[in-house]
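J.: Quick check, what structure comes out for this input:
(2 chains)
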Amino acid sequence: MFPLDQPGPTAFYLTLYLATFVLHLLPMAYVVAGAAVLLVRTLAGARPVDDPLAEHFRQWLPFILSVAITAGVAPLLFLQILYHREFYTANVLLFSRWMAILPVLVVGFYLLYLMKGDWLWQRPLVVRVTAAAVIFASFAFIGWSWSENHLLSTAGQAVWTEQYVAGRLNYLPGELWPRIGIWLSGVFPVMAAIVTWPLARGEDNADLSATASRLAMFAAIGLVVSLACIGWYLGVLEPAARTAVLDAPLRVWQAAFVVGAVLQFAAWILIWRAGRLEPLPRWLATAGALFMVAALAVGREAIRTSRLDMTALLPRHQAAAQVGGFWLFATFLVINFAAIAGCVYLVARYARPVEAERAMDKRRPQR
Amino acid sequence: MSDLYYPINDFGPLMKGLAIGGLGIVHVFLAQFAIGGGMLMCYFQWLAQSQGNQLARQFTDGFFKFIVLVSFVVGAITGVGMWFISIQVSPRTIGLMVHYFHWLWAIEYTFFFLEIVSGYLFYRYGPRLPDAARMTLLVAYSIAAWFSLFWINGILSWQLTPGRWHETHNVWDGFFNPSFWPSLLFRTITSMTIAALVACLVANVLPRLERRQREELEHRAARFLAPMVLMPVLAVWYFLAIPHVSRSWVLGGSAAMSLFFAVGTGASLLVGSYAIFGLLRQQLYINWATALLLVSLAFAATAGGEFVREGVRKPYTIRRLLYSNSVSRDEVARLRERGCTTDDPFPLQDADRYPTPQLAKGAHVFRNLCSVCHTLDGANGLVHLTGTWSDEQLRLNISKLQLTKPFMPPFAGNAEEVEAIVQWLKWNANGRPAAWDASIDLAALASIDRWLEEAGTQPGLGVLSKDGS
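T.: Below you'll find the model as predicted:
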């Protein structure tokens, strides 16, 4: 089963890369789709106080973006161990076009904080919509840039040389479009599955049935479009890459993909019909999204490995595997994630409701 | 395919070192602010809960929002940016650092997670939490932030002082290298200093505070400036730990590095003097303008210090392993035979603008060996640096580059390539005329060959350790 069918060190780093990449994809999907929903709801004239979905994203997008960026550090690290020359070459070739993701990210990030405050919501609709549109455009641009970078990294020396001599700062092969289609539509069901959990806590809210229906609509449309784009992508892939995706070593992942899609459709039909975010469909949607994201990440990697000479990369993976520090990493992973759980527990256990805090503020002596 | 060759971009009149240095200075300043800020918030929270100081509590919440808005956003993104710009400037350097220390970077990643989760929970729920829970979150945040410094400090200081790592290749020998502790302690105090100065600024801009409240906050925060008295001792310790040749660059061997060292030291002295005599002894009140000036001086000190830290590694990016132009020590001898342009799969982007193939080769040599630190005629421009040299001097000085200037690496190409870059420099110095005769001076090539031979392939005078390694 891929990636365990690779030689030991390669399989080890591939597994770590894929695991951490999936952990990055979840908050990333939440941010991109959340920004899209925020844009759509702002465009519809919704104000956060009247709209649980818009309010949720307004409050949580800045933090989840921080999580997405931080979660991106680990896969970025393992990516450099696995494919350092390919990744670095693509980075350098795309140069300023690639580096532009940094200021764009800063702009998107600060606009999210602006959205979080009250100032923006007191401005005219056109200002609010512009801010929401720039936020979404920022994240879409970053995703697009990553897709180009990824594809260029697998293109090989002949393409790199040609790209360099031409001085081109973009790379637009035919397969870029279905890939972006998969990404941009696939983020919606993942976001919807994640957001059901915090929203369900406010189930007494009168608007929640409308919110549940909206979420179901976003998720279902996202699923259908992403499936169509996957079909389109398989159609444009070169035979070797297509075989790599559809071949026996990926059977388990193909099954996970199908099960994931079925679970999600079932979950969203249940939610749409009930108009409520019941626990069972929430679990189904979450498990389905997780299966599908993992399967897609593995498929993406199988395509990459089919294009590269993995045998030539093996000595470097072997050398990296000899470097010390893994067990200390594993220890700190446990300690720090336990500490994170402890922090979350503290807040869940001791945070006073907002109303109680206001009452206390009135009683405090002013210095 | 060897990983010697990557595509190389032209940054125009901007020296690549300025690009990476500029972003690096901003990132280091913000990151150190976040680290010191966490410690300072723990102190203020302790004041709030042990002395019932509501002002300290109120300030903690206000200041922490500032930390989150500045450091979580720009700090985090410039951190990722450092990675990307390092790839742009020297993929081999960052590749080696990741290769040898990836697990330590992975450990740092776990601390990043703790930092952002504890920080954000405090930012969002802090005002609604009891004191003990607030303190726990702040301590978790501070520990995580400081440990991110701990891990990256080991990797960065390894670049200059790999210590026993070259013999053992043990990750811990590289990590706990000779400059690890002085660098870590110095940076910790710098973090506390920056946080205290920014706190003085924030105390001035927070709304609804009276003058005496601002004064109280400033004087509390100023206590974090007291450890600055240890900075001279730590600086001396650091300078004793780095290679003697690196010390010599700072102490007059390189005008630019001496200048930046002076800027960093001068700015630190000004901040330190004002902190000790003005804020701590005289208990002066500083308004926002003075606070801003002190923060700017701290930024200048950080900039000077970071420039020196980057600069003293010359001629290496990783001492005794990789030269600043990304050629490893082992590869120089082979490139003297093969030439540095022969096997490069990335041809010149503008080869047809040169009147002769020799000039195109010269441009190619410049791109591969020089462009990481030099521009043609912008910052650190070669045309200006070599403008007064005769043809013979150009040939001799480039052939014996590491002897001409010991902070330069040995020339990693063959005699034809030396002659090509000499011609290319002359062509540029003469205004890039449309016609230019190719140099086919066999006697000059023979001289270059002899000079290359005499210079050898090892680094320059004083750069070698006493044992010759």
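J.: Chain A contacts on the stretch 151-300 of chain B?
T.: Within the stretch 151-300 of chain B, the positions adjacent to chain A are B:170-172, B:213 by Cβ under 8 Å from any Cβ of the partner chain. Bear in mind the C-beta positions are built from the backbone N, C-alpha and C, glycine included.
J.: Can you flag which of those residues belong to helices?
T.: Mapping those onto helices (DSSP state H) picks out B:171-172, B:213.
J.: Out of those residues, grab the one that's most surrounded.
T.: B:Val171 (22 neighbours; other Cβ atoms under 10 Å in any protein chain shown).
J.: Looking at the ones in helices among the residues of the stretch 151-300 of chain B next to chain A, which is nearest B:Thr404?
T.: B:Val171 (36.6 Å; Cβ to Cβ).
J.: Would you check that the closest one makes contact with A:Phe326?
T.: No - using Cβ atoms under 8 Å, B:Val171 makes no contact with A:Phe326, being 10.0 Å away.
J.: got the buried residues for stretch B:395-404?
T.: B:395-403 (16 or more other Cβ atoms under 10 Å in any protein chain shown).
J.: could you redo these as TSV and give each row distance to chain A, pLDDT and secondary structure?
T.: TSV is the format used below for the buried residues of stretch B:395-404 (distance: Cβ to the nearest Cβ, whole Å; pLDDT from 0 to 100; DSSP: H, G, I helix; E, B strand; the rest coil):
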residue	distance to chain A	pLDDT	secondary structure
B:Arg395	30	97	helix
B:Leu396	34	97	helix
B:Asn397	30	96	helix
B:Ile398	26	97	helix
B:Ser399	29	97	helix
B:Lys400	31	96	coil
B:Leu401	25	95	helix
B:Gln402	27	94	helix
B:Leu403	32	93	helix
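J.: What is the most widely separated pair among those residues?
T.: The largest distance within those, taken as Cβ to Cβ, falls between B:Arg395 and B:Gln402 and amounts to 15.3 Å.
J.: measure A:Phe257 to A:Leu250 for me?
T.: 9 Å (Cβ to Cβ, to the nearest Å).
J.: Give me the common contacts of those two.
T.: A:Gly299 (Cβ atoms under 8 Å, 6 or more residues apart in numbering or on different chains).
J.: B:Ser254 - nearest residue in space that isn't next to it in sequence?
T.: Counting by Cβ to Cβ, 6 or more residues apart in numbering or on different chains, B:Ser254 lies nearest to B:Phe407, which is 6.1 Å off, once chain neighbours are set aside.
J.: That should have said B:Trp103, apologies.
T.: A:Gly325 (2.9 Å).
J.: Touching, that neighbour and B:Val171? I think so.
T.: Yes - taking contacts as Cβ under 8 Å, A:Gly325 lies within contact range of B:Val171: 5.2 Å.
J.: list the contacts for B:Ser246?
T.: Contacts of B:Ser246 by Cβ under 8 Å, 6+ apart are B:160, B:312-314.
J.: With pLDDT, secondary structure and neighbour count as added columns, please give these in JSON lines.
T.: Below are the contacts of B:Ser246 laid out as JSON lines (pLDDT from 0 to 100; DSSP: H, G, I helix; E, B strand; the rest coil; neighbours: other Cβ atoms under 10 Å in any protein chain shown):
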{"residue": "B:Leu160", "pLDDT": "95", "secondary structure": "helix", "neighbour count": "23"}
{"residue": "B:Val312", "pLDDT": "91", "secondary structure": "coil", "neighbour count": "24"}
{"residue": "B:Arg313", "pLDDT": "91", "secondary structure": "coil", "neighbour count": "21"}
{"residue": "B:Lys314", "pLDDT": "90", "secondary structure": "coil", "neighbour count": "25"}
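J.: Just put the residues you listed in TSV and tack on distance to B:Leu297.
T.: Supplementary listing: the contacts of B:Ser246 in TSV, determined by distance: Cβ to Cβ, whole Å:
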residue	distance to B:Leu297
B:Leu160	26
B:Val312	22
B:Arg313	26
B:Lys314	27
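J.: B:Ala267: what's it in contact with?
T.: B:297-298, B:300-301, B:304.
J.: For burial, what's the neighbour tally of the closest residue to chain B within the stretch 151-300 of chain A?
T.: Nearest residue of the stretch 151-300 of chain A to chain B: A:Tyr164, at 4.6 Å (Cβ to the nearest Cβ). Neighbours of A:Tyr164 under the rule other Cβ under 10 Å: 22.
J.: tell me the contacts of it?
T.: A:93, B:7, B:346-347, B:349.
J.: Tell me where the model's unsure across the chain.
T.: Answering for chain A, as no chain was given. A:202-207, A:355-367 (pLDDT under 70).
J.: should've been chain B
T.: Using pLDDT under 70, chain B drops low at B:1-2, B:461-469.
J.: Show me how it divides into domains.
T.: Domains of chain B are assigned by automatic domain parsing as B:16-322, B:329-455.
J.: Phi and psi next, for residue 184.
T.: Going with chain A. phi -70, psi -30 (degrees, to the nearest 10).
J.: got a list of what it touches?
T.: Counting by Cβ under 8 Å, 6+ apart, A:Leu184 touches A:32, A:140, A:143.
J.: what are the phi and psi angles of B:Thr317?
T.: Per degrees, to the nearest 10, the backbone of B:Thr317 is at phi -100, psi -30.
J.: between the contacts of A:Tyr164, which is closest to A:Arg349?
T.: Looking across those and measuring by Cβ to Cβ, the closest to A:Arg349 is A:Leu93, at 51.1 Å.
J.: Pull the contacting residues for that closest one.
T.: A:152, A:160, A:163-164, A:171, B:7.
J.: and the next element down the chain from the helix or strand containing it?
T.: Using DSSP states H and E, A:Leu93 maps to helix A:73-99. Moving toward the C-terminus from helix A:73-99, the next helix or strand (DSSP H and E) is helix A:101-116.
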